[in-house]
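Asks: Requesting a structural model of the entry that follows:
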Amino acid sequence: MKSKIILPIIVFSQFCCTSLWFAGNGVMAVLISTFDLNESALGHLTSTVQLGFICGTLVFALLTISDRFSPSKVFFFCALIASLFNLGTILENNSLTTLLTLKYCTGFFLAGIYPVGMKIAADYYDKGLGKSLGFLVGALVLGTAFPHLLKGYSFGFSWQYVIIFISLLALIGGLLMLLFVPDGSYRNPSQKLKLNAWLKNFKNSKFRSVAFGYFGHMWELYAFWTFVPVILSIYKRNHLESTLNISLWSFIIIGVGGLSCALGGYLSSIFKTKKVAFTALLLSCICCLLSPFVISANSEFILLSFLVFWGMVAIADSPLFSTLVAQNAIPKYKGTALTIVNCIGFAITIISIQLLNYLHLKYNSSFLYMILALGPILGLIALSRKSITHD
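Replies: Numbering: from 1, shown residues only. Modelled structure (predicted):
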């Protein structure tokens with residue numbers, strides 16, 4: 001199949017399958033009332049998906065799954081299994097324990113979707129990888145935001161139908177990848193199981209610098225995404241005259257990052273990939289530091305404009321970091337490198353989400369979001385190395 005057709009299929013499949021990621025967040029208010037959960041369930045359920053993803057990526061990296069087996073087949077089977085666990089959310093006798101278990105298992109098999117999708121793209125595109133991954137991560141962003149849109153415009157359907165629709169969407173994405181995306185020409189498969197393959201990459205100082213830059217980016221990103229609806233809810237609660245559609249604006253603020261990923265990928269083909277990533281990370285760091293002053297303002301227009309801009313710059317560097325990881329990794333362990341970096345990066349998101357969740361419940365102050373600047377600051381320091389390989 002022609003490569004011009006391959007990328008749109010990979011992107012659409014990634015969008016379909018990553019809709020599973022925040023499926024619970026899109027209907028969180030209804031889940032809380034239906035299963036008699038408390039407010040802290042937001043952070044716990046989101047972090048449990050992350051925890052499952054971390055464990056999954058760790059297992060996939062140790063077993064070098066995407067480097068030893070056909071990535072498209074791995075993608076399909078993980079999409080099938082993850083969609084079934086997501087579907088379990090609609091069972092009537094669910095409790096917090098069963099919901100956490102279902103979310104954990106969904107996250108575990110997402111490990112065979114997000115990083116494996118990037119591996120598939122890297123197997124097809126050598127030159128211009130940043131642009132390709134820009135579209136791919138953009139699909140992840142839209143998939144993450146999509147449940148918020150479904151919640152806001154469910155057209156009278158119950159939340160159970162939203163969950164069912166997302167599960168079917170993920171299954172379709174997996175089938176498309178299996179049927180229409182064979183192994184790419186740049187695939188350099190590893191024939192043997194090597195449990196220390198992930199460690200070989202970290203012995204390279206260039207790879208470490210890129211990875212640490214990505215880790216700083218991840219400290220901020222998912223905590224910001226998780227608390228976008230919370231920020232909007234607090235504003236609406238403090239301004240009773242506001243008619244703000246929280247679900248719609250959550251989708252816009254998170255989803256606009258899909259456009260900035262594509263834009264960042266395009267800019268990386270004009271400027272250096274590292275330079276574009278550094279600029280985006282710097283801008284998101286500034287947003288973290290300015291957040292208390294904007295969030296506490298009384299202007300809805302200023303708040304929404306700021307959050308939309310923050311949503312753009314917070315994710316714009318993500319495909320560029322993945323590009324840098326792939327370019328600085330050992331070729332035959334490229335898939336393992338992408339997977340282990342995702343594993344550690346998402347482990348960091350659990351810490352930042354739980355920390356922010358705890359502080360929010362205890363203090364409920366707009367100054368809390370300044371904590372998110374710690375990651376970008378450390379990431380900028382790591383990314384400042386001049387010897388990093390990039391196109």
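Asks: Would you confirm that L307 contacts S250?
Replies: No - under the criterion of Cβ atoms under 8 Å, L307 makes no contact with S250, lying 9.4 Å away. For every residue, glycine as well, the C-beta is placed using N, CA and C.
Asks: what do those two both touch?
Replies: V228, L232 (Cβ atoms under 8 Å, 6 or more residues apart in numbering).
Asks: which residue lies farthest from the center of the protein?
Replies: Distance from the C-alpha centroid of the chain, by Cα atoms, centre = their mean, peaks at E241 (33.7 Å).
Asks: lowest average confidence, helix or strand, in the chain?
Replies: Least confident helix or strand, the chain: helix 23-26 with a mean of 66, by mean pLDDT, DSSP states H and E.
Asks: Need the CA coordinates for the next helix-or-strand element following that helix. CSV is fine.
Replies: Counting by DSSP states H and E, the next helix or strand C-terminal to helix 23-26 is helix 28-34. Output of helix 28-34 as CSV, limited to C-alpha atoms (Å, rounded to 0.1, in the frame of the first residue of the first chain):
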residue,chain,number,x,y,z
MET,A,28,-16.9,11.3,35.3
ALA,A,29,-19.8,13.3,36.9
VAL,A,30,-22.3,10.6,36.0
LEU,A,31,-20.0,7.8,37.1
ILE,A,32,-19.6,9.5,40.5
SER,A,33,-23.3,9.7,41.0
THR,A,34,-24.2,6.3,39.5
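Asks: biggest helix in the protein, by residue count?
Replies: helix 205-238 (DSSP state H).
Asks: list the buried ones in that one?
Replies: 206-232, 234-236 (16 or more other Cβ atoms under 10 Å).
Asks: Now do it: which elements does it pack against?
Replies: Applying 3 or more Cβ pairs under 8 Å, 6 or more residues apart in numbering; DSSP states H and E, one finds that helix 205-238 contacts helix 41-62, helix 197-202, helix 246-268, helix 273-295, helix 300-316, helix 318-327, helix 334-362, helix 374-383.
Asks: tell me the mean pLDDT over it?
Replies: Mean pLDDT, computed over helix 205-238, is 91.
Asks: contacting residues around the spatially closest residue to L289 that is not a sequence neighbour?
Replies: Nearest non-adjacent residue to L289, counting by Cβ to Cβ, 6 or more residues apart in numbering: A373, 5.2 Å away. By Cβ under 8 Å, 6+ apart, A373 lies in contact with E220, C285, C288, L289.
Asks: mind running it again at 6 Å?
Replies: C285, C288, L289 (Cβ atoms under 6 Å, 6 or more residues apart in numbering).
Asks: M218 too?
Replies: Taking Cβ under 6 Å, 6+ apart, one finds G345, I348, T349 in contact with M218.
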